[in-house]
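J.: Sequence first, then the predicted structure:
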Amino acid sequence: MQKISLFILILILSGCRSNQNNSESKLDTPEFWASRYSEATDIKYGDTEQQKLDIYSQGEWIGEPNYWKSDSISHNTLIYIHGGGWLGGSKDQITPFIISYLQRGWNVVNIDYRTGEGTAPQAVDDCMEAIQWIARNAKNFNIDPENVVISGESAGGHLALITGLLNSIPGSHKYYSGDSLKIKAIVNWYGITDIAGVDNFYKKQNQESDYASIWVGNPKRMDSISNAFSPVKRITSSAPPIITVHGKKDSVVPYEQAVTLHELLEKAGIRNELVSIDDGKHLGFTDKEYQYIYTRIFEFLDQ
């Protein structure tokens with residue numbers, strides 16, 4: 001596992017260097033060095049053990065006696081949500097997805113949430129609560145509440161999408177914080193866009209590994225959970241811009257889920273982009289593809 005994680009990290013770092021050379025960035029920050037950020041880990045935003053987050057803050061290590069000096073300016077901030085089919089996963093496993101943002105001078109907030117069989121929709125509630133906590137504590141960590149991007153992969157992609165969309169609809173959730181923190185864009189890595197659609201996908205193949213069904217639990221809840229928390233059901237004219245990365249050979253989250261999402265975004269007049277990878281699987285991209293993906297992501301965000 002360590003070798004695989006290191007390999008993925010090398011791929012993404014290569015993509016970051018390519019993007020620096022070939023794409024102009026409005027952030028215009030110098031090349032990243034490890035001395036420019038600190039990490040505060042396992043900060044509680046709720047009452048349960050899984051409701052924790054990490055915050056990577058920009059600044060510099062200055063040595064004794066104070067060692068660390070935070071920046072005096074607010075930064076663009078990435079909120080990242082890990083995947084794992086809503087049944088597992090951890091914020092400690094997503095470093096490759098955030099390195100390129102740290103390199104460009106962003107702050108990063110990395111969220112854990114409740115997972116497990118029959119726990120829907122706790123993951124959505126937790127991520128919404130975490131975003132509200134971030135809004136209330138933004139000044140303490142030099143987070144610019146007007147320049148926040150939310151991202152995640154797989155189930156984390158779903159959570160990034162649905163929380164970003166709900167925070168654009170006043171009164172949509174008890175932890176709505178759209179009045180105090182603005183989600184400027186969503187970066188969706190092959191996330192679930194239709195919960196019932198994933199359930200039907202697995203049932204048609206007679207597969208037991210139907211994580212959507214396991215997460216929802218009681219089959220009688222599937223329609224209500226899907227209608228309330230599927231991104232395709234919550235698109236409005238106030239939705240933030242969305243860019244999706246999805247491999248056409250993904251057998252875990254069907255590529256058609258991304259296509260449907262972006263057709264609906266187009267109809268609603270929402271700025272969007274679907275980055276389709278012809279031979280891409282679920283987290284299965286080549287070095288060259290990662291370079292292309294990150295170039296497209298940061299060009300989208302710079303707009």
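T.: Thanks, I have the structure now. Residues are numbered from 1 along each chain as shown.
J.: Keeping just the C-alphas, turn stretch 267-274 into PDB.
T.: Only the C-alpha atoms of stretch 267-274 are listed here, as PDB (Å, rounded to 0.1, in the frame of the first residue of the first chain):
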ATOM      1  CA  LYS A 267     -29.600  22.700 -19.200                       C
ATOM      2  CA  ALA A 268     -29.500  24.800 -16.000                       C
ATOM      3  CA  GLY A 269     -27.000  27.100 -17.400                       C
ATOM      4  CA  ILE A 270     -24.300  26.200 -14.900                       C
ATOM      5  CA  ARG A 271     -20.600  26.500 -16.000                       C
ATOM      6  CA  ASN A 272     -19.300  23.000 -16.100                       C
ATOM      7  CA  GLU A 273     -16.700  20.700 -17.700                       C
ATOM      8  CA  LEU A 274     -16.500  16.900 -17.900                       C
END
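J.: Let me know the average pLDDT across that stretch.
T.: The predicted model gives stretch 267-274 an average pLDDT of 98.
J.: buried residues in that stretch?
T.: For stretch 267-274, burial by neighbour count (16 or more other C-beta atoms under 10 Å) applies to 270, 272, 273, 274. For the C-beta atoms, the positions are set from N, CA and C on the backbone; glycine is no exception.
J.: Can you tell me which of those end up in strands?
T.: Mapping the buried residues of stretch 267-274 onto strands (DSSP state E) picks out 272, 273, 274.
J.: which one among those residues gets closest to residue 250?
T.: Residue 250 lies nearest to residue 274 out of those, by C-beta to C-beta, at 12.9 Å.
J.: Run through the residues that contact that closest one.
T.: Residues counted as contacts of residue 274 (C-beta atoms under 8 Å, 6 or more residues apart in numbering) are 243, 244, 246, 258, 259, 262.
J.: Just the buried residues out of those residues, in ChimeraX syntax.
T.: To isolate the buried ones among the contacts of residue 274 in ChimeraX, judged by 16+ other C-beta under 10 Å, type:
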select :243,244,246,258,259,262
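J.: for the contacts of residue 274, which one is nearest residue 289?
T.: residue 246 (11.8 Å).
J.: Surely the closest one is within a strand?
T.: Yes. Per DSSP: H, G, I helix; E, B strand; the rest coil, residue 246 lies within a strand segment.
J.: Show the contacting residues for the closest residue to it other than its chain neighbours.
T.: Counting by C-beta to C-beta, 6 or more residues apart in numbering, residue 246 lies nearest to residue 258, which is 4.0 Å off, once chain neighbours are set aside. For residue 258, the contact set (C-beta under 8 Å, 6+ apart) comprises 188, 190, 193, 244, 246, 274, 276.
J.: if you set the cut-off to 7 Å instead, what comes out?
T.: 193, 244, 246, 274 (C-beta atoms under 7 Å, 6 or more residues apart in numbering).
J.: repeat for residue 272
T.: By C-beta under 7 Å, 6+ apart, residue 272 lies in contact with 241, 242, 243, 262, 265, 266.
J.: Where do the strands of the stretch 1-150 of the chain begin and end?
T.: 37-44, 52-63, 67-70, 75-81, 107-111, 143-153 (DSSP state E, counting those that start in this stretch).
J.: Tell me the strands beside the fifth one, with direction?
T.: Within its sheet, strand 107-111 is paired with strand 52-63 (antiparallel), strand 75-81 (parallel), according to DSSP bridges.
J.: Which of the ones you listed sits closest to residue 112?
T.: Among the strands paired with strand 107-111, strand 52-63 comes nearest to residue 112, with 4.8 Å by C-beta to C-beta.
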